[in-house]
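# whatever this is, show me its structure:
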Amino acid sequence: CPKGSIEIPNYTREIIKEEVKGLLEGDEGEVKIIGFFDDKISYTAADNAGTSRISYPTNIRIIRVPSTALIDDRMILEALSLGADGVMILDSEDNPESKVTIKTVERVRSRLKDLGVEPERVQFTPMVLPIFKVLPKFISEYIFKISKMGKISEDVRIGLAK
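Predicted coordinates for the structure are as follows:
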């Protein structure tokens, strides 16, 4: 929600923040990616890729959300400040929620640029259901790009938290 006024039981900002914290613990050596995947298409695509034994990098931590419109600027910046080196958001193609999410990503990217952080660390990818076979490729390419950028420094993370 662009105004941050809508919360769904079990998907409050605080619950999502705690899930992000838990998923980012440990594995200090490699870059960490948080993926916010919509429940209908993107999470199903990731699940189908897994059950089809199509592998993708393990350094993406996927959080299932009913709609990516719930993910606001603050949540994305908090994920980065808590230890994520990139945030990948996937939602159904051509729905009203995607339009909200695209605007959110644009605002966050602008803020990152102002802070001297690569805006590409935050990405929105539109999805359609049969895409599960290429989803691992999207994830791998994104993680490769973030790995080339490297980890976000602690000083920058502190700035993102403000």
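# in stretch 25-40, which residues are buried?
By 16 or more other C-beta atoms under 10 Å, the buried positions in stretch 25-40 come out as 31-38, 40. In short, each C-beta sits where N, CA and C put it, glycine included.
# lowest pLDDT pick from those residues?
Taken together, the buried residues of stretch 25-40 show their lowest pLDDT at K40, with 85.
# grab the nearest non-local neighbour of that residue.
S92 (6.0 Å; C-beta to C-beta, 6 or more residues apart in numbering).
# contact partners for that neighbour?
Contacts for S92 (C-beta atoms under 8 Å, 6 or more residues apart in numbering) come out as 38, 40-42, 98, 126-128.
# quick one: which of those residues has the most company?
Using other C-beta atoms under 10 Å as the neighbour criterion, S42 leads the contacts of S92 with 29 neighbours.
# that residue reaches D91, doesn't it?
Yes - with contact defined as C-beta atoms under 8 Å, S42 reaches D91; the gap is 6.2 Å.
# what's the closest non-adjacent residue to I71?
Distance criterion C-beta to C-beta, 6+ apart; nearest residue to I71, sequence neighbours excluded, is F36 at 5.0 Å.
# what strand or helix carries the one you found?
According to DSSP states H and E, F36 maps onto strand 33-38.
# that strand - contacts with which helices or strands?
Judged by 3 or more C-beta pairs under 8 Å, 6 or more residues apart in numbering; DSSP states H and E, the packing partners of strand 33-38 are helix 13-24, helix 42-51, strand 60-65, strand 86-92, helix 135-149.
# elements contacting the helix or strand bottoming out on mean pLDDT in the chain?
Lowest by mean pLDDT, DSSP states H and E among the helices and strands of the chain is helix 42-51, with a mean of 86. Under the contact definition 3+ C-beta pairs under 8 Å, 6+ apart, helix 42-51 sits against strand 33-38, strand 60-65, strand 86-92, helix 135-149.
# next one: the first one to chain centre, how far?
Computed by C-alpha atoms, centre = their mean, to the nearest Å, the chain-centroid distance of strand 33-38 equals 4 Å.
# got the contact list for that strand?
20, 23-24, 43, 45-46, 59-68, 71, 79, 84-92, 97, 127, 139, 142-143, 146.
# select only the buried ones of those in ChimeraX?
Restricted to buried positions by 16+ other C-beta under 10 Å, the ChimeraX selection for those reads:
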select :20,23,24,43,45,46,59,60,61,62,63,64,65,67,68,71,79,84,85,86,87,88,89,90,91,92,97,127,139,142,143,146
